[in-house]
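Enquirer: next comes the sequence, and after it the predicted model I'd like to discuss.
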Amino acid sequence: MRFCEIRSAEDIIRLVQEIGFLPFFRNEIEGFSVAELCAPELWMSDEAEGPWEWKGPVARTKTCVYGKIFAGKAGYVSAAWFPDFANFRRNGYDFDARFDDELASYKDKGVYDVIAESGEILSKTLKEKCNYRKGGNKGFDTVITRLQMQTYVNIADFVYLKDRFGQTYGWGVAQYSTPEAMFGYEFVTSAYHRDPEESRERIRAHLASLLPDASERQIGKLLG
C-alpha cells in the first residue's frame, strides 16, 4: 500500500487516522515512517516548518497519541486504535496494579506518579522533581522510554523556550502527560475486556493488511 506524501501537520493527522499507526523514524518496514513519507525539502529545513515542528501541534489535537512507542523510538498511534494498543502493551495492568505485583520499579513509580499528579509537566521540571540532577538519580531516559513503551506516559506537546527578548530558541521541550489525562480513564481502558493477546492480534492483522510486503518478524518487532 502506498501512502500519501506528508507536507503538513494536517497530512500527518489524516494519515494516522486512516492507518492507525505511524513510526516517526525509518525502521525495517520500508516506506512506513514520517521520515520517508515527508517531502524531502521539509524534513530538516531551516526555512520552513516540518515534521519536527509539527509534533506538538499534532499531539495537541488529541486525535492520536505520540511518544517513544515503536522499539523505543517515536511515533503516532491513532486515538481509535490506542485502547487495544494500551491493553496489549500494558498486559491488562493499570500502573498501580503493575507496581503492586512488583512488575514496575520504584524509579518508574516515582516518575509516573509525578506526571499523573501534574496532568502535564515539562521534562526539565519532571527531572528536577524526581531528582534527576547532577549527583542525583540516574537513568531518566531509560525510565521515561519504558513508561512510554508501556503506554502509561505520552508526550502531550513540545514547548519552545524563550530568551529575554521573547524569541523562541532551540528544540521544543517535551511536555509529558498520561493517556488517561488526555482521553479519560474509561476510554483508555475500553479494550481491557479483551485478552491482551487478542488486542495484539487485532493490531497485527491490521498492520499485515496495510503492509503486505512486511514480514511477520518485522511487524512483530514494531509491535514489541
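Expert: Alright, I've got the coordinates.
Enquirer: what number of residues lie near L122?
Expert: 17 (other CB atoms under 10 Å). All C-beta atoms are positioned from the backbone trio N, CA, C, and that covers glycine.
Enquirer: now do E180
Expert: 17.
Enquirer: go on, G31?
Expert: 13.
Enquirer: I'd guessed it sits against L37; true?
Expert: Yes: the criterion here is CB atoms under 8 Å, and G31 meets it with L37 at 7.2 Å.
Enquirer: which residues do those two both contact?
Expert: F3 (CB atoms under 8 Å, 6 or more residues apart in numbering).
Enquirer: quick check: bridge partners of the spatially most central residue of the chain?
Expert: By CA atoms, centre = their mean, the chain has its centre lying nearest to G67, at 1.9 Å. Beta-bridge partners for G67, by DSSP bridges, are G75.
Enquirer: and the helix with the most length in the chain, what does it pack onto?
Expert: What stands out as the longest helix in the chain, according to DSSP state H, is helix 196-210. Where contact means 3 or more CB pairs under 8 Å, 6 or more residues apart in numbering; DSSP states H and E, helix 196-210 is packed against helix 82-90, helix 216-223.
Enquirer: which outside residues touch the first one?
Expert: Defining contact as CB under 8 Å, 6+ apart, one finds that helix 82-90 is touched by 64-65, 69, 77, 98, 149-152, 179, 183, 187-192, 194, 196-197, 199-200, 202-203, 223-224.
Enquirer: pull the CA atoms of the very next helix or strand once past it into PDB?
Expert: Counting by DSSP states H and E, the element after helix 82-90 in chain order, helix or strand, is helix 95-100. Below are the C-alpha coordinates for helix 95-100, written out as PDB (Å, rounded to 0.1, in the frame of the first residue of the first chain):
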ATOM      1  CA  PHE A  95       0.200   1.200  36.500                       C
ATOM      2  CA  ASP A  96      -0.600   0.900  40.200                       C
ATOM      3  CA  ALA A  97      -1.500  -2.800  39.800                       C
ATOM      4  CA  ARG A  98       1.700  -3.400  37.900                       C
ATOM      5  CA  PHE A  99       3.700  -1.800  40.700                       C
ATOM      6  CA  ASP A 100       1.700  -3.800  43.400                       C
END
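Enquirer: just to revisit the earlier point, just the buried residues of the contacts of helix 82-90.
Expert: 64-65, 69, 77, 98, 149-152, 179, 183, 188-192, 194, 196, 199-200, 202-203, 223 (16 or more other CB atoms under 10 Å).
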